[in-house]
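K.L.:
Please work out how this folds:
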Amino acid sequence: MNSNEGNKASLSAQDLVYLNEEIAAMARAGLPLEEGLQSIAKEMAWGNLKSATLEIQKDLSAGKTLPEALALQKGRIPPFYSELVNAGIQGGSLPQVLSILTTYARGLSDLRSLVITALFYPFLVMGIAIGLFTLILVYVIPQFELIFRDFGMQLPGVTRLVLSLASNPIYFIVLPCVVFIAALLLLRGLMRSSETGACWWTRLVYSIPVLGTLIRAARLAAFTDLLGILVEQNLPLPQALRLAGDAGSDPFLRKGSHEIASSLEKGESLQDALKAGKVLPDVIVWMAGVGEMKGNLASTLRQAAQMYRRQVEMRASLAQSIIPPFLIVGIAAIITGLFVLAIFMPLVKLLEGLSK
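P.N.:
You can find the predicted model right below:
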């Protein structure tokens, strides 16, 4: 077995940018890649990027070409990378291709950052709300429980419920939250272990208001941008579709791109194959069909990617500005309403009784 084979964690977008820029700099300067990659690896902290760099350097020293060495990093480096490098070498434009790859990887990293940031604020608000609610139950509610017990009051059901929660918040609040999160992660892992399950999980994610459409728009932007780059470098369209589909994490795009590629190889037109595939929005199908007829498919696809990137930016801004305030108001209303019904209503009755 080749030393490069086996399970490997994929490089992050930032790692791919760094490795690509170093290779591009050496290619522009005409420097030997074997020695350059070895020198670069010595300066890296040990990790996935250093391991990949050293393995590429060893394969180059063993007589393999750069595309072959990159292809052996399957699992760490996506297959489209070696294909584009090979196209750049054959066309005598390797530095330009590497520059395009850097731009693509940076754009992909920016998209992921937008999505993560948009998801971060709602979850942060939820976490603070749960912490605040637990704090009230642990430190505030027990004080009122002592008062009610001393006066021997007959308490309503909602008050007894809140007092029960306060008596054991770990059992009634923390443990259910942990179990829910663990079950969600387990369900995610089980569903994503098969193609059918991954499709169901993706459909569930896309059904989430605002956040689901944000994630889908980000994936469509990455898919169309990469497909445009592959077509621009004169890769056969069926091959480009398969590579672009496999590079993403959307199972619908992955499966659909292979089906569309098979239809193209049978002689169907791009627009008909895209319509039959039913995995891309109608606007992309229409734009791709027009682009193919006018002979500028690559630039049309990259324009579509820019369109979806703008959608990601707008939806991310919406998620950050709209969702947290709604969550804050909703959670505050729930906590306040529960606190008023459970504590202040019996307290008011107690004060009325004492006044009489």
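
K.L.:
what's the closest non-adjacent residue to the residue most central in space within the chain?
P.N.:
Nearest to the mean C-alpha position of the chain, by Cα atoms, centre = their mean, lies residue 112 at 5.9 Å. In this structure, residue 112 finds its nearest non-sequential neighbour in residue 13, 6.5 Å apart by Cβ to Cβ, 6 or more residues apart in numbering. For the C-beta atoms, the positions are set from N, CA and C on the backbone; glycine is no exception.

K.L.:
how many neighbours does the one you found have?
P.N.:
Residues lying near residue 13 (other Cβ atoms under 10 Å) number 18.

K.L.:
And for residue 201?
P.N.:
Residue 201 has 18 neighbouring residues, counting by other Cβ under 10 Å.

K.L.:
wait, what's in contact with it?
P.N.:
For residue 201, the contacting residues are 187, 188, 191, 192, by Cβ atoms under 8 Å, 6 or more residues apart in numbering.

K.L.:
Show me just the buried residues among the residues you listed.
P.N.:
The neighbour count (16 or more other Cβ atoms under 10 Å) marks 191, 192 as buried among the contacts of residue 201.

K.L.:
so of the contacts of residue 201, which ones are in helices?
P.N.:
Counting by DSSP state H, the part of those found in helices is 187, 188, 191.

K.L.:
I'd like these laid out as TSV, including distance to residue 283 and pLDDT.
P.N.:
Output for those, formatted as TSV (distance: Cβ to Cβ, whole Å; pLDDT from 0 to 100):
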residue	distance to residue 283	pLDDT
187	33	85
188	30	83
191	29	81
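
K.L.:
circling back: quick one: the residue nearest to residue 112 from residue 142, how far?
P.N.:
49 Å (Cβ to Cβ, to the nearest Å).

K.L.:
try residue 329
P.N.:
Relative to residue 142, and taking Cβ to Cβ, residue 329 is found at 28 Å.

K.L.:
got it, and residue 166?
P.N.:
6 Å.

K.L.:
Tell me the buried residues in stretch 45-52?
P.N.:
By 16+ other Cβ under 10 Å, the buried positions in stretch 45-52 come out as 49, 50, 51, 52.

K.L.:
Please apply the same query to stretch 329-340.
P.N.:
Going by 16+ other Cβ under 10 Å, stretch 329-340 has these buried residues: 331, 338, 339.

K.L.:
do the same with stretch 77-94
P.N.:
77-88, 94.

K.L.:
how about those in CSV, adding pLDDT and secondary structure?
P.N.:
Conversion of the buried residues of stretch 77-94 to CSV gives the following (pLDDT from 0 to 100; DSSP: H, G, I helix; E, B strand; the rest coil):
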residue, pLDDT, secondary structure
77, 86, coil
78, 85, coil
79, 87, helix
80, 88, helix
81, 87, helix
82, 88, helix
83, 89, helix
84, 89, helix
85, 88, helix
86, 87, helix
87, 86, helix
88, 85, helix
94, 81, helix
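
K.L.:
which secondary structure element contains the residue nearest to the centre of the chain?
P.N.:
Here residue 112 sits within helix 94-135, counting by DSSP states H and E.

K.L.:
Quick check: next helix or strand after that helix?
P.N.:
For helix 94-135, the following helix or strand on the C-terminal side (DSSP H and E) is helix 141-150.

K.L.:
Show me what that next one is in contact with.
P.N.:
155, 159, 162, 163, 165, 166, 167, 342, 343, 346, 347, 350.

K.L.:
Contacts only, for the last one.
P.N.:
Applying Cβ under 8 Å, 6+ apart to residue 350 gives the contacts 147, 148, 151, 153.

K.L.:
one step back: mind listing which of the contacts of helix 141-150 are in helices?
P.N.:
Using DSSP H, the contacts of helix 141-150 in helices are 159, 162, 163, 165, 166, 167, 346, 347, 350.

K.L.:
May I have the predicted confidence score for the last one?
P.N.:
Read it as residue 350. Per-residue pLDDT puts residue 350 at 71.

K.L.:
Next: the first one.
P.N.:
We note a pLDDT of 77 for residue 159 in this prediction.

K.L.:
Could you pull up the residues touching it?
P.N.:
With Cβ under 8 Å, 6+ apart, residue 159 has these contacts: 148, 341, 342, 343, 345, 346.

K.L.:
If we use 10 Å, what do you get?
P.N.:
Contact analysis of residue 159 by Cβ atoms under 10 Å, 6 or more residues apart in numbering lists 141, 144, 145, 148, 153, 341, 342, 343, 345, 346, 347.

K.L.:
Those into TSV, with extra columns for pLDDT?
P.N.:
TSV is the format used below for those (pLDDT from 0 to 100):
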residue	pLDDT
141	76
144	76
145	74
148	74
153	72
341	74
342	74
343	75
345	74
346	76
347	74
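
K.L.:
And these, which of them are buried?
P.N.:
141, 144, 145, 148, 342, 343, 346, 347.

K.L.:
got the domain boundaries for this structure?
P.N.:
Listed domain ranges for the chain are 13-77, 99-356 (source: automatic domain parsing).

K.L.:
rewinding a little: columns distance to residue 132 on top of the buried ones among the contacts of residue 159, output as a markdown table?
P.N.:
Formatted as a markdown table, these follow (distance: Cβ to Cβ, whole Å):
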| residue | distance to residue 132 |
| --- | --- |
| 141 | 13 |
| 144 | 17 |
| 145 | 19 |
| 148 | 23 |
| 342 | 16 |
| 343 | 15 |
| 346 | 22 |
| 347 | 21 |
